[in-house]
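Participant: turn this into a structure:
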Amino acid sequence: MNLSKVLLVGVCLAAGLVGRAAHAQGCSSGQDAAVECFVGNAVRTNLVTIQSGMTMSQFKQYGVSVSKIVQAQPTSIEIVGLASAVADALPPTNADGSANPTAQSTAMNAIVDAGIASNFLALPAETDSQDLKWFSLDLVRVISTNNSVLLAPGTMLRVIDSYVVSSTSNGVVNWTQANSGIAAMMSSLASAGFLKLPPTITLAEATQFAQSLAQVTSTYRAATGRPSL
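Facilitator: Model prediction:
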């Protein structure tokens with residue numbers, strides 16, 4: 001799904017423009033209804049196109065879900081950071097350079113699931129995990145084409161994965177060792193003030209999420225044949 005097809009309403013909401021845009025199009029003043037009207041008019045005027053397999057009704061509802069995601073902090077900020085990291089560290093290619101978008105999509109979906117399970121990501125109202133996955137994958141694909149990033153945002157994924165690599169012998173990962181190392185790293189980062197968590201997320205939950213990310217990077221490397229990220 002193309003980012004421009006699903007974030008148009010969200011960007012307008014974030015900028016406080018939906019009310020004016022909806023009014024100009026004769027849409028209802030209610031936020032959700034205004035978003036649906038805005039999306040419908042955008043499709044009819046060929047500003048955006050409906051994702052293959054979606055009905056107009058489903059596409060409008062997804063527009064509403066996206067509008068909720070971009071307004072929800074810290075979830076929206078966390079998703080942007082995670083998508084940026086995946087675009088950098090987990091590209092949609094195999095070790096030999098051949099295309100493998102499934103490996104990247106699978107990794108991003110697993111990260112979202114892990115984030116929700118560990119309470120690292122909170123689902124905004126009127127959204128579900130699938131909405132968050134679609135949104136994050138759209139971000140990944142757009143960020144992947146942006147060459148302006150100077151500091152590799154996938155650094156943390158690479159650091160986490162390094163514990164998996166160093167705990168692997170003859171192709172078998174010693175997950176007790178890897179998870180112990182990751183837990184010690186998270187504790188050290190928190191103690192040094194480099195890891196600042198919001199009140200809603202405990203260090204234990206953040207550590208659980210980091211350990212889940214290690215599983216994701218390991219699966220991704222196996223799928224793409226990469227010895228390291």
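Participant: give me the distance between the residue nearest to S212 when sequence neighbours are not counted and V142.
Facilitator: Closest residue to S212 in three dimensions, ignoring its sequence neighbours and counting by Cβ to Cβ, 6 or more residues apart in numbering: A114, at 3.4 Å. Where C-beta positions appear, they are placed from N, C-alpha and C, glycine not excepted. As defined by Cβ to Cβ, to the nearest Å, A114 lies at a distance of 22 Å from V142.
Participant: quick one: average pLDDT of the lengthiest helix in the chain?
Facilitator: Taking DSSP state H as the criterion, the chain has its longest helix at helix 203-224. Per-residue confidence for helix 203-224 averages out to 96 on the pLDDT scale.
Participant: under the pLDDT cut-off, which ranges of this structure? List them.
Facilitator: Judged against pLDDT under 70, the low-scoring parts of the chain cover residues 1-29, 47, 51-52, 146-151.
Participant: residue boundaries of the helices in it?
Facilitator: 3-6, 8-14, 18-24, 31-44, 56-71, 75-89, 101-117, 129-144, 155-166, 175-192, 203-224.
Participant: using JSON lines, please lay out the ones you listed together with mean neighbour count and distance to I50.
Facilitator: As requested, the helices of the chain are exported to JSON lines (neighbours: other Cβ atoms under 10 Å; distance: least, Cβ to Cβ, whole Å):
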{"stretch": "helix 3-6", "mean neighbour count": "19", "distance to I50": "8"}
{"stretch": "helix 8-14", "mean neighbour count": "20", "distance to I50": "13"}
{"stretch": "helix 18-24", "mean neighbour count": "16", "distance to I50": "19"}
{"stretch": "helix 31-44", "mean neighbour count": "19", "distance to I50": "6"}
{"stretch": "helix 56-71", "mean neighbour count": "21", "distance to I50": "5"}
{"stretch": "helix 75-89", "mean neighbour count": "20", "distance to I50": "23"}
{"stretch": "helix 101-117", "mean neighbour count": "20", "distance to I50": "20"}
{"stretch": "helix 129-144", "mean neighbour count": "20", "distance to I50": "13"}
{"stretch": "helix 155-166", "mean neighbour count": "19", "distance to I50": "33"}
{"stretch": "helix 175-192", "mean neighbour count": "16", "distance to I50": "42"}
{"stretch": "helix 203-224", "mean neighbour count": "20", "distance to I50": "30"}
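Participant: okay, those helices in CSV with distance to L123 next?
Facilitator: What follows is the helices of the chain, written out as CSV (distance: least, Cβ to Cβ, whole Å):
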stretch, distance to L123
helix 3-6, 17
helix 8-14, 16
helix 18-24, 21
helix 31-44, 17
helix 56-71, 9
helix 75-89, 8
helix 101-117, 7
helix 129-144, 7
helix 155-166, 23
helix 175-192, 24
helix 203-224, 15
